[in-house]
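Enquirer: Sharing a model that was predicted from the sequence below.
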Number of protein chains: 2
Amino acid sequence: MEQLNNKTIDKLLKHVSVRSFTDEPLSDDVVKRLVRAAQAASTASFQQSYSIIDVVDHKLREKVTKASRNQLFMNQGGRLFIFCADLNRNDRMAQNLGLDVTQTIEGSDATLAGTIDATLAAQNMVISAESMDLGVCFIGGVRDNIAEVSELLNIPEHVFPVYGLVIGHPKGQLNKIKPRLPFEAVYHQNKYLDKMDIVKKYDERTSDYYNDRYGHETDRSWSRTAVNSLIKLPRFFIRKYLNNQNLSKH
Amino acid sequence: MEQLNNKTIDKLLKHVSVRSFTDEPLSDDVVKRLVRAAQAASTASFQQSYSIIDVVDHKLREKVTKASRNQLFMNQGGRLFIFCADLNRNDRMAQNLGLDVTQTIEGSDATLAGTIDATLAAQNMVISAESMDLGVCFIGGVRDNIAEVSELLNIPEHVFPVYGLVIGHPKGQLNKIKPRLPFEAVYHQNKYLDKMDIVKKYDERTSDYYNDRYGHETDRSWSRTAVNSLIKLPRFFIRKYLNNQNLSKH
């Protein structure tokens, strides 16, 4: 009989994003441990198609922050890691063997595979950081000016930044845990089923969460909040950017 | 001072894929706990753009296995979960509010975001399963015949299966931990740097691993193994498939 509770699961269930950090730095030993934990994750066909850029230079970090919707906490926590899907390495490995996989690397499936590899690694880094009582926040905003961020970080063809991850010592009180969709809304058996009636009930519950978080009545619900951010950030330039990196060409 | 060692990190570092399972089933309570842990992960802009399909029907599971390069262990472990990037829900939420985000949903960034969300959730499921001493294996093979798998699972437009995840009770001895790329090969400071010299050294080390695993001298190294699988599985049809799902259209 499996134990349904243990410290690891307890931590996973208590995850909240942290957007306020103390000045306390992360030591190189901690960073090394975080990266090692990231590397231990599964990777698609064991391609290890990702790289992690640790932005330690203060001026560079400020520039990356400004390019990423200028979320100031990005510039405050212990470290800012940029997780990249990296197909460059695999392409060059083939060249070294006198083989050619460039067409594969430049296809849509390789972009998905690199995104998957970066994300499995990133989530392992998150879990290990939180197990040390550090706080984390993903920064999808690095895709808002993705070409500029890529130039700042010297990112070559066949590589792109998927998101940033800030990790540091949390300052002040943590946010309340955000209520997720009901189990039944994301979980299907055998066939994908229409679950929109469950989403409606969830929206009522999230209104309470947002009213509580903002301290006054709002018209926010999960649906409204999520849809608003899709309207604000369509990122219609991503295909063109990826093509410029010689990715997702077909 | 952060503790560099704890049970969670210890488990992460010991991760190996499991491809041999006992017949012992996973209870519904365990499945519910695994899905809850998956849901607790971060999601891009809190869009929660993923769904999980638990393939419990035996005949259906056999069909999905056959369509996914017929890896027989897929049909053996406690459960087979199919992780889907799901933008359908977000699109319909907008419709319910009288808003239109279809163009955003159908762009390349949304496909990345859905892949990220599915993968953050999947990795949380992996960590929670392994914390219960269960074994796991990702099945990228569901993308080998992705259209057929989608039809079997009734997957609608704006949704696609990213991979499968088998979770069950491990049978027999676990594999040895596969040596990852050296830390310095995936970790960069400030600027992306050429690390191909490090990959060469790693290749020598992985030859030993493969000779040991297969019990005789082979010409396998990480580079050769990884490049071979890129040659075998280019998946050139993924763009067309995604477009048929009304995804990655621009």
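Expert: The structure has been received and is ready for your questions.
Enquirer: Show me what the helix or strand of chain A with the lowest mean pLDDT packs onto, helices and strands only.
Expert: Ranking every helix and strand in chain A by mean pLDDT, DSSP states H and E puts helix A:196-214 at the bottom, with a mean of 86. Taking 3 or more C-beta pairs under 8 Å, 6 or more residues apart in numbering or on different chains; DSSP states H and E as contact, the helices and strands that helix A:196-214 lies on are helix A:183-186, helix A:222-232, helix B:88-96. Where you see a C-beta, it was placed from the backbone N, CA and C, and this is true even at glycine.
Enquirer: most packed of these?
Expert: helix B:88-96 (a mean of 21; mean count of other C-beta atoms under 10 Å in any protein chain shown).
Enquirer: Now the element after it, going C-ward?
Expert: Going down the chain from helix B:88-96, the next helix or strand is helix B:102-105, by DSSP states H and E.
Enquirer: Let me know the angle separating the next helix-or-strand element following that following helix from helix A:108-131.
Expert: Counting by DSSP H and E, the next helix or strand C-terminal to helix B:102-105 is helix B:108-131. Angle, helix B:108-131 to helix A:108-131, by axes from the mean of the first three to the mean of the last three C-alpha atoms, to 10 degrees: 50 degrees.
Enquirer: what's the nearest residue to A:Asp29 if we skip its chain neighbours?
Expert: Leaving out its chain neighbours, the residue that sits closest to A:Asp29 by C-beta to C-beta, 6 or more residues apart in numbering or on different chains is B:Leu4, at 6.2 Å.
Enquirer: Doesn't that neighbour belong to a strand?
Expert: No: counting by DSSP: H, G, I helix; E, B strand; the rest coil, B:Leu4 falls outside a strand, being coil.
Enquirer: Who are the contact partners of it?
Expert: Going by C-beta atoms under 8 Å, 6 or more residues apart in numbering or on different chains, B:Leu4 touches A:Asp29, A:Val30, A:Arg33, A:Met132.
Enquirer: Next step: the residues you listed restricted to helices.
Expert: The helices, defined by DSSP state H, take in A:Asp29, A:Val30, A:Arg33 from the contacts of B:Leu4.
Enquirer: Can you list the low-confidence ranges for chain A?
Expert: A:1 (pLDDT under 70).
Enquirer: Go again with 80.
Expert: Flagging of chain A using pLDDT under 80 yields the residue ranges A:1-2, A:210, A:212-219.
Enquirer: Now do the longest strand along it against helix B:108-131, angle only.
Expert: Secondary structure of chain A read by DSSP state E shows that its longest strand is strand A:159-168. The directions of strand A:159-168 and helix B:108-131 differ by 50 degrees, with the same axes, to 10 degrees as the criterion.
Enquirer: Which elements pack onto strand A:159-168?
Expert: strand A:79-86, helix A:108-131, strand A:135-139, helix A:146-152, helix B:108-131.
Enquirer: quick one on the thing from earlier: for the least confident helix or strand of chain A, which outside residues touch it?
Expert: Contacts of helix A:196-214 (C-beta under 8 Å, 6+ apart): A:175-176, A:178-179, A:181-182, A:184-185, A:217-218, A:220-225, B:89, B:92-93, B:96.
Enquirer: how about that helix: buried residues?
Expert: For helix A:196-214, the neighbour count (16 or more other C-beta atoms under 10 Å in any protein chain shown) marks A:Ile198, A:Val199, A:Tyr202, A:Asp203, A:Thr206, A:Ser207, A:Tyr209, A:Tyr210 as buried.
Enquirer: Relative to the whole chain's centre, how far out is it?
Expert: What separates the centre of helix A:196-214 from the centre of its chain is 24 Å, taken as C-alpha atoms, centre = their mean, to the nearest Å.
Enquirer: what inclination does it have with respect to helix A:222-232?
Expert: Put simply, helix A:196-214 runs at 80 degrees to helix A:222-232, going by the same axes, to 10 degrees.
Enquirer: helix, strand or coil for A:Ile52?
Expert: Here A:Ile52 is recorded as strand under three-state DSSP.
Enquirer: quick one: it and B:His188, what's the gap?
Expert: Distance, A:Ile52 to B:His188, using C-beta to C-beta, to the nearest Å: 7 Å.
Enquirer: swap in A:Thr102?
Expert: Applying C-beta to C-beta, the value for A:Thr102 to B:His188 is 23 Å.
Enquirer: Tell me which of those two has more neighbours.
Expert: It is B:His188, of A:Thr102 and B:His188, that has more neighbours when counted by other C-beta atoms under 10 Å in any protein chain shown, with 22 against 16.
Enquirer: Give the bridge partners for the residue nearest to that one when sequence neighbours are not counted, please.
Expert: Closest residue to B:His188 apart from its sequence neighbours, by C-beta to C-beta, 6+ apart: A:Ile53 at 4.6 Å. Beta-bridge partners of A:Ile53, counted by DSSP bridges, are A:Ile82, B:His188.
Enquirer: ok, A:Ile53 - contacts?
Expert: Counted by C-beta under 8 Å, 6+ apart, A:Ile53 has contacts A:Phe81, A:Ile82, A:Cys84, A:Leu153, A:Pro161, B:His188, B:Gln189, B:Asn190, B:Lys191, B:Tyr192.
Enquirer: Buried only: go through these for me.
Expert: Neighbour-count burial (16+ other C-beta under 10 Å) is assigned, among those, to A:Phe81, A:Ile82, A:Cys84, A:Leu153, A:Pro161, B:His188, B:Asn190, B:Tyr192.
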